[in-house]
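J.: below are the sequence and a predicted model; questions follow.
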Amino acid sequence: MSPKRSLRASAALLGAVSLALTTASAASAAPRSPGGWQESGTSYVNSLTGSQGLASRADGGLLYRGLGSIPLDLRIKGWGHIGDPDIAKGHTFDAYQGGDDAKSKMYAVTTPGGQRYLYEHPLDAGEKLNNSFAAVSPDAQWLVSGEWGDQNRLQVFPAPLLNSSTPPAGGTLAQAGQISLDKPVRDIQGCDFASDTRLVCASNDASKELFPVDRPVLQVDLERPLDGKPVTGHVSSLFASPQRSICSGGFETEGVDYDSERRTLRVEVVPPSPCLVTTAVYSYRPTTG
């Protein structure tokens, strides 16, 4: 993922800027978005503990992740960045990234009972060290993740702990068949499954070189459900992530979540400084189906 603002800087800003800076910029009801989604609401979360991603629980509650969410023991081991999480069968999946000299990436799985297991993936030839997100397939057998920059693929791993091919109490995690994209994507911050053959992904690409909108929310349609073998994904643009704030400057799109039970899509956007201390969470409902 992109270089992140330091924990110390974020904490200092939290004490200097109030939530009102962001909430005062809330816009009126948004029009229908392309791709069959209607914006339905906006909420806000502390960026220190919620700006990197979110995931919906079975009861409808939301789990957030931010730089302040990294446990001290993992930070000491060099895992200084946490990505967009996911929840499957009550298990929480977190994506961890090391420093610029990292030779591996790591996924932490926390069971419903609170036991945490660590699965480390040594980087393959040509693989970037970035670990932007964790997205678990609806059958809870496969874990999708992504790298930073321009990419023609999404990575696929057996879902740690839930897929019987993985070590039962942590260990080494090898890649399975990847998702080859029919169109390149850039700076993917998070993805989540909307069905067994569809992912929704948030991109922080502001160039409009690959897609017609700034910081697009993308849809990836798979030719078949994941089975551990290579599969092709068709990429299309749904809509632009909102960029609303009384602060001017660059926004950053972050995590994305689809709550299938409540048919609600959520996208996180971090506003420019000094408003960046509060992250906006935009909700969407499907307009059809």
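T.: Received it, and whenever you're ready, just let me know what you need. Numbers count the residues shown, from 1 in each chain.

J.: ok, now which ones touch Arg263?
T.: By C-beta atoms under 8 Å, 6 or more residues apart in numbering, Arg263 lies in contact with Arg285, Pro286. For every residue, glycine as well, the C-beta is placed using N, CA and C.

J.: can you give me the distance of it to Ser56?
T.: 11 Å (C-beta to C-beta, to the nearest Å).

J.: likewise for Asp84?
T.: Asp84 is 12 Å from Ser56, by C-beta to C-beta.

J.: what's the overlap in contacts for these two?
T.: Common neighbours of Asp84 and Ser56 (criterion: C-beta under 8 Å, 6+ apart): Asp257.

J.: higher neighbour count, the two?
T.: Shown here are Asp84 and Ser56; by other C-beta atoms under 10 Å, Asp84 has more neighbours (31 against 20).

J.: for the more buried one, give the beta-bridge partners.
T.: On the basis of DSSP bridges, Asp84 is bridged to Phe133.

J.: residues in contact with it?
T.: With C-beta under 8 Å, 6+ apart, Asp84 has these contacts: 52-55, 65, 95, 132-135, 189-192, 202, 254-257.

J.: swap the cut-off to 10 Å and go again
T.: 1, 52-55, 65, 93-95, 132-135, 145-146, 188-192, 201-202, 254-257, 268 (C-beta atoms under 10 Å, 6 or more residues apart in numbering).

J.: what does Tyr119 give?
T.: Tyr119 sits in contact with 93, 96, 105-109, 143, 157-161, 166-167, 169-173, where contact means C-beta under 10 Å, 6+ apart.

J.: what's the pLDDT at it?
T.: Predicted confidence (pLDDT) for Tyr119: 98.

J.: which residues pair with it across the strands?
T.: Tyr107, Gly171.

J.: pLDDT weak spots in the stretch 1-150 of the chain?
T.: Scanning the stretch 1-150 of the chain with the threshold set as pLDDT under 70 gives 1-35.

J.: helices of that one, start to end?
T.: Taking DSSP state H, counting those that start in this stretch as the test, the helices found in the stretch 1-150 of the chain are 7-16, 20-23, 47-50, 72-76.

J.: send the alpha carbons of the last one over as CSV?
T.: So the one you mean is helix 72-76. Provided in CSV are the C-alpha atoms of helix 72-76 (Å, rounded to 0.1, in the frame of the first residue of the first chain):
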residue,chain,number,x,y,z
LEU,A,72,2.5,-4.5,20.3
ASP,A,73,4.0,-7.9,20.0
LEU,A,74,3.5,-7.9,16.2
ARG,A,75,4.8,-4.3,15.9
ILE,A,76,8.0,-5.4,17.7
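
J.: which strand or helix spans Ile193?
T.: Small correction: residue 193 is Phe, not Ile. Per DSSP states H and E: Phe193 is located in strand 188-195.

J.: with just CA atoms, put whichever helix or strand comes after that strand into PDB.
T.: Downstream of strand 188-195, the first helix or strand assigned by DSSP H and E is strand 198-203. Output of strand 198-203 as PDB, limited to C-alpha atoms (Å, rounded to 0.1, in the frame of the first residue of the first chain):
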ATOM      1  CA  ARG A 198     -17.900 -11.200  -7.700                       C
ATOM      2  CA  LEU A 199     -15.500  -8.900  -5.800                       C
ATOM      3  CA  VAL A 200     -15.900  -5.200  -5.100                       C
ATOM      4  CA  CYS A 201     -12.600  -3.400  -4.700                       C
ATOM      5  CA  ALA A 202     -11.600   0.200  -3.700                       C
ATOM      6  CA  SER A 203      -8.800   1.800  -5.700                       C
END
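
J.: show me the strands in the stretch 151-289 of the chain, by range?
T.: For the stretch 151-289 of the chain, the strands defined by DSSP state E, counting those that start in this stretch cover 171-172, 179-186, 188-195, 198-203, 216-222, 231-240, 252-259, 264-270, 278-286.

J.: could those go into CSV alongside distance to Asn152, mean pLDDT and mean neighbour count?
T.: Formatted as CSV, the strands of the stretch 151-289 of the chain follow (distance: least, C-beta to C-beta, whole Å; pLDDT from 0 to 100; neighbours: other C-beta atoms under 10 Å):
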stretch, distance to Asn152, mean pLDDT, mean neighbour count
strand 171-172, 26, 98, 12
strand 179-186, 5, 98, 17
strand 188-195, 12, 98, 25
strand 198-203, 14, 98, 24
strand 216-222, 12, 98, 22
strand 231-240, 10, 97, 18
strand 252-259, 20, 98, 26
strand 264-270, 23, 98, 23
strand 278-286, 27, 97, 21
